[in-house]
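>>> no sequence on this one, just coordinates:
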C-alpha cells in the first residue's frame, strides 16, 4: 500500500467513528475494548492523532525529542466529535504534505521505507482497529477490506510481536502459520526461548490459522474470536499469543 491508500483509510474510518459518536451516547460501553466507553475511545484516538501529527510535522528523527504538550486542551462532551474530527483532519493534512525524505523515528521492527510510510500505515491500522471498537458500542462490525487487513496483519506479525516485549516463550521452537483465503500474503511466526520471529512465508508449522484477512486481523488484535475451524494443530500456541502479547508504543 502507498501513502495515498493509507490516507484514504484514515479518512473513511475517522468519518465512521465520528458518525457513531453522534448517533449514540459517549457513555456507551465498547465491548471489544472492555475497560473503555466511547468517550475514552475517542479521546485516546484523538490523542494519538495529535501525537503522530507532532512527530511528522516536527520532522522528528528521535521520538525522545517530541514535545510532551502535543494535545492542547481536552474537549468536553459537547465538543468531543468536533475535536476528534479536527485531529483527524490535521493528521491527514500533515501526512499528505510531509517530506518523504525525512528519516522519521519509528517504534516497530521492520518499518517501511520511506519512514513517512511507517507513520501513514501505523495511523491507518490504529484507526481501523478503533473503528471496530466504536462499532462494537452499537452492535455492528464492518469487515476491513482484504488489502488493508492483510497489511495490518503484516504490521502486527513483523513489527509489533517481534520486539521481544511479550511473555510468549517455549523451550523448543514452535511455529504458527498464517494463511489468508482472500489475499496472497503468508507468514510463519516462530515462538521459542527468545524473541518471536516472523517470516513472510509458510513452511512446516505446529499450528495454522486460515481465514479471511479481516477475520484474522481482528482475531490477532483480540477484537474477535477466531472460529474453531480456522485453527488447526496446537491451539495452545494461539491462546498463548492472545493472552500474553501486550501492545505498547515504545
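In hand now; what should we look at? All figures in this text were calculated on a predicted structure; none of them were measured in a lab.
>>> would residue 93 count as being in a helix?
Yes. The assignment for residue 93 by DSSP: H, G, I helix; E, B strand; the rest coil puts it in a helix.
>>> Read off the pLDDT value for residue 204.
At residue 204, the model reports a pLDDT of 88.
>>> For the nearest residue to it once chain neighbours are set aside, pull up the helix or strand it's in.
Nearest residue to residue 204, sequence neighbours excluded (CB to CB, 6 or more residues apart in numbering): residue 175, at 7.0 Å. Just so you know, the C-beta spots here come from the backbone N, C-alpha and C atoms, and that holds for glycine as well. Assigned by DSSP states H and E, residue 175 belongs to strand 174-180.
>>> what do you get for residue 14?
Residue 14 belongs to helix 3-23, assigned by DSSP H and E.
>>> Remind me what that helix packs against, helices and strands.
In terms of contact count using 3 or more CB pairs under 8 Å, 6 or more residues apart in numbering; DSSP states H and E, helix 3-23 is assigned the packing partners helix 38-57, helix 80-97, helix 115-136.
>>> Out of those, which is closest to residue 18?
Among the helices and strands packed on helix 3-23, helix 80-97 comes nearest to residue 18, with 5.3 Å by CB to CB.
>>> can you list contacts of that closest one?
With contacts defined as CB atoms under 8 Å, 6 or more residues apart in numbering, helix 80-97 is touched by 3, 6-7, 10-11, 14, 17-18, 21-22, 26, 39, 42-43, 45-46, 49-50, 52-53, 56-57, 74-75, 116, 119-120, 123, 127.
>>> Now, of those residues, which are buried?
Neighbour counting with 16 or more other CB atoms under 10 Å marks 3, 6-7, 10-11, 14, 17-18, 21, 26, 39, 42-43, 45-46, 49-50, 52-53, 56-57, 75, 116, 119-120, 123, 127 as buried within the contacts of helix 80-97.
>>> circling back: in a markdown table: the helices and strands packed on helix 3-23, plus distance to residue 148 and mean pLDDT.
Output for the helices and strands packed on helix 3-23, formatted as a markdown table (distance: least, CB to CB, whole Å; pLDDT from 0 to 100):
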| stretch | distance to residue 148 | mean pLDDT |
| --- | --- | --- |
| helix 38-57 | 17 | 98 |
| helix 80-97 | 16 | 98 |
| helix 115-136 | 6 | 98 |
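>>> deepest of those helices, which one?
Greatest average neighbour count among the helices and strands packed on helix 3-23 goes to helix 115-136 (a mean of 23), per mean count of other CB atoms under 10 Å.
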